[in-house]
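In: Sequence first, then the predicted structure:
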Amino acid sequence: MTSAAYLARAGQKVLLIEKNRECGGLVNSFIRDGFHFDAGIRALEDAGIIFPMLKDMGIELEVVKSKVSLGIENEIIHIEDLSSISKYRELLIKFYPESKGEIDEVLKVIRKIMKHMDVLYGIENPVFKDLKHDREFILKRLLPWLPRFIYTVGKINRMNMPVEEYLKTIIKNPSLRDIISQHFFKNTPAFFALSYFSLYLDYFYPKGGVGKLSEALKNKMIECGGEIRTETKIVEVIADKCLLRDQNNITYKYDNLIWAADLKTLYKIIGTEGFPLKIKSSFEESKNKMLKNRGGDSVFSLFLEVDEPLESFGKIANGHFFYTPSKMGLGETHREELNYLLNNFEKVERKQLLCWLDKFTRLNTYEISIPGLKDPGLVPPGKTGIIISFLAEYDLFNNIQKAGWLDEFIQELENRVLSVISNSVYPMLKDRIIARFSFTPLSIENRVGSSEGAITGWAFQKYMPVINKIQIADRSVMTPVPSVFQAGQWAYSPAGVPMSILTGKLAAEKVLKKSGKS
Ligand SMILES: Cc1cc2nc3c(=O)[nH]c(=O)nc-3n(C[C@H](O)[C@H](O)[C@H](O)COP(=O)(O)OP(=O)(O)OC[C@H]3O[C@@H](n4cnc5c(N)ncnc54)[C@H](O)[C@@H]3O)c2cc1C
């Protein structure tokens, strides 16, 4: 959508093709029974990208801070500003007093990373500035910032070891390591994971729901003369003829294609027959890399309509809440134990899986979002909408679906999550739920066409199939196929909304450059 809006603004003829009825993918909100929910991301991080993009586009979006709380068992802290890190220290020491020295070590690292983050996001991202004309920005902001940026990038690149491994070098107690890191994706680079304390302070929420961001971009694009074709799924790219084909066999001719969806899909459906051997072999090499890699972690989300006023929940925690009901930590529950169950799935009995599920739901960390606490207009008077989510393994849901008991499994999972949350942090949930429903990793795969139901592109591995260094981010949008560019969460790693927007802009720039317009 960013690419489309920028290209339309530059006067290009743009057609945005979307498989669903609504645009926005994982930046989306919906209404059910008068309750507004966010279907994908729960709040946005500026990361020096979103606000500069909106400003550059002339989009006004009404936003509020999305305040974060963190909780373990019956202790909850509210993150207000940088000094809240001391509250986090006290929280950890309360549960793990014997690890005080190690906690201080980790906090030293987090503080250092927060300083790096200040540099990294310290100026509006230059990609969204008019560098040809804004001399003041170049002289007063960009040039003084560059040496610090280069120094910081060096530091960051040295901290790309998986956070689980990194924490082992500092902390002996596995429970403490889990409590700090178990809500991050598997193998998240240490810098990215430990930078989250800064990101908690960066979260904001568009009034009316996260989907307002996509809506604003869509409106801007239409205002600039762009067109949208929804409920249109691209099933083939005939690249040597610059043609797309949709599910109804309708074809579309393009001068340039920006593919802003799942890259495994692109590489599977793209034909390169008429191209010279050199292009074909470089395409095959990239295709192999893409198809060998997996999408990253997915989530399970439980949506609740509750007959209880917002104030009852607001007294306990903010509308964006990371809560761990047990200080014990997941240990190997979501790793070795789950792998064993998946590798022996045919032999494993339902009872055994449900027993594992008991433990998994008891020890997990939950991301709880209450849209009404950020914007009270999002719920019927006196009621509250809640989204409870946690990282979930796609293969588990896939195997269970194949075995024919997915609906039953979802019920069992919902019951357990509700029991854990109502026996701990929100006791009023026990008899106040009006309606409930959930999205699994399979729903995400179906909805946005995301391999393995991934929510932020590729799984973290030693060799990534896309660019993963910020200093060469502009290369991330190139593909080996002429006139085909890539953008969004699959084009760069680590990804998320800000990087999707950044790559969207970078891809639009490449197209404009190619067309001699920039
Ligand atoms: C619960 C949750 C929490 C998250 N938390 C964060 C967070 O804290 N921070 C963060 O930065 N990110 C977070 N994310 C991730 C973030 O939302 C996504 O990475 C980002 O929105 C991806 O945007 P995108 O436009 O690149 O891709 P998508 O949102 O996947 O959009 C791709 C679009 O392409 C369409 N499409 C797919 N295939 C086709 C086809 N063949 N033909 C036509 N159309 C097609 C899809 O329908 C979709 O609209 C979270 C996501 C979830 C679900």
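Out: That came in fine, so what should we check first? Numbers count the residues shown, from 1 in each chain.
In: what residues does this structure put near the ligand?
Out: 17-20, 25-27, 40-42, 45, 233-234, 260-262, 265, 299, 389, 448-450, 455-456, 488-489, 495-498, 500 (CB under 6 Å from any ligand atom). Just so you know, the C-beta spots here come from the backbone N, C-alpha and C atoms, and that holds for glycine as well.
In: which residues does the closest residue to Tyr492 other than its chain neighbours contact?
Out: The shortest distance from Tyr492 to any non-neighbouring residue, by CB to CB, 6 or more residues apart in numbering, is to Ser476 (4.2 Å). Applying CB atoms under 8 Å, 6 or more residues apart in numbering, we find Ser476 in contact with Val466, Ile467, Gln486, Ala491, Tyr492, Thr503, Leu506.
In: now with 7 Å?
Out: Val466, Ile467, Ala491, Tyr492, Thr503 (CB atoms under 7 Å, 6 or more residues apart in numbering).
In: Out of those residues, which one has the lowest pLDDT?
Out: Scanning the contacts of Ser476 for pLDDT, the low point is Ile467. It has 92.
In: measure it to Met478 for me?
Out: 9 Å (CB to CB, to the nearest Å).
In: Same drill for these two, tell me which one is more crowded.
Out: Neighbour count, other CB atoms under 10 Å: between Ile467 and Met478, Ile467 has more, with 18 against 15.
In: Which residue is the nearest non-sequential neighbour of that one?
Out: Leaving out its chain neighbours, the residue that sits closest to Ile467 by CB to CB, 6+ apart is Ser476, at 3.9 Å.
In: next one: Asp395
Out: The shortest distance from Asp395 to any non-neighbouring residue, by CB to CB, 6+ apart, is to Leu342 (5.4 Å).
In: Is the one you found within a helix or a strand, and which one?
Out: helix 338-343 (DSSP states H and E).
In: The next helix or strand after that helix: how far from the chain's middle?
Out: Moving toward the C-terminus from helix 338-343, the next helix or strand (DSSP H and E) is helix 350-363. The chain centroid and the centroid of helix 350-363 are separated by 26 Å, computed with CA atoms, centre = their mean, to the nearest Å.
In: Check stretch 491-511 too.
Out: The answer for stretch 491-511 is 13 Å, by CA atoms, centre = their mean.
In: what's the answer for stretch 145-164, then?
Out: 21 Å.
In: So which bits of that stretch are buried?
Out: By 16 or more other CB atoms under 10 Å, the buried positions in stretch 145-164 come out as Trp145, Phe149, Thr152, Val153, Ile156, Met159, Asn160, Pro162, Val163, Glu164.
In: ok, now which ones touch the residue of the stretch 401-518 of the chain found nearest the ligand?
Out: The stretch 401-518 of the chain approaches the ligand most closely through Gly496 (2.1 Å), counting by CB to the nearest ligand atom. The neighbours of Gly496, taking CB under 7 Å, 6+ apart as the test, are Thr456.
In: Indicate the residue of the stretch 251-400 of the chain located nearest to the ligand.
Out: Ala261 (3.3 Å).
In: My read is that that residue contacts Arg447, right?
Out: No - checked against CB atoms under 7 Å, the pair Ala261 and Arg447 is beyond contact range at 11.6 Å.
In: Contacts for stretch 340-349, please.
Out: Leu353, Trp356, Asp395, Leu396, Asn399.
In: 8 Å instead, please
Out: Contacts of stretch 340-349 (CB under 8 Å, 6+ apart): Gln352, Leu353, Trp356, Glu393, Asp395, Leu396, Asn399, Ala403.
In: Could you list the buried residues of it?
Out: For stretch 340-349, the neighbour count (16+ other CB under 10 Å) marks Leu341, Val348 as buried.
In: Roughly how far does Glu393 sit from Leu213?
Out: 29 Å.
In: So which of these two has more stuff around it?
Out: Leu213 (26 against 22).
In: ok, the more buried one - contacts?
Out: Counting by CB under 8 Å, 6+ apart, Leu213 touches Gly24, Val27, Leu44, Ile50, Leu61, Pro206, Val497.
In: got it, and His183?
Out: With contacts defined as CB under 8 Å, 6+ apart, His183 is in contact with Phe322, Thr324, Thr365, Glu367, Phe390, Leu391.
In: tell me the secondary structure for it?
Out: Look at His183: counting by DSSP: H, G, I helix; E, B strand; the rest coil, its state is coil.
In: Ramachandran angles for it?
Out: As for His183, its main-chain torsions (degrees, to the nearest 10) stand at phi -90, psi 10.
In: so where does Leu201 fall, helix or strand?
Out: With DSSP H and E as the test, Leu201 turns up in helix 196-202.
In: Let's see that helix as CSV, backbone CA atoms only.
Out: This file holds the C-alpha atoms of helix 196-202, laid out as CSV (Å, rounded to 0.1, in the frame of the first residue of the first chain):
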residue,chain,number,x,y,z
TYR,A,196,12.0,-4.2,23.0
PHE,A,197,12.2,-2.1,26.2
SER,A,198,12.6,1.0,23.9
LEU,A,199,9.9,-0.3,21.6
TYR,A,200,7.4,-0.5,24.5
LEU,A,201,7.7,3.3,24.8
ASP,A,202,7.3,3.7,21.0
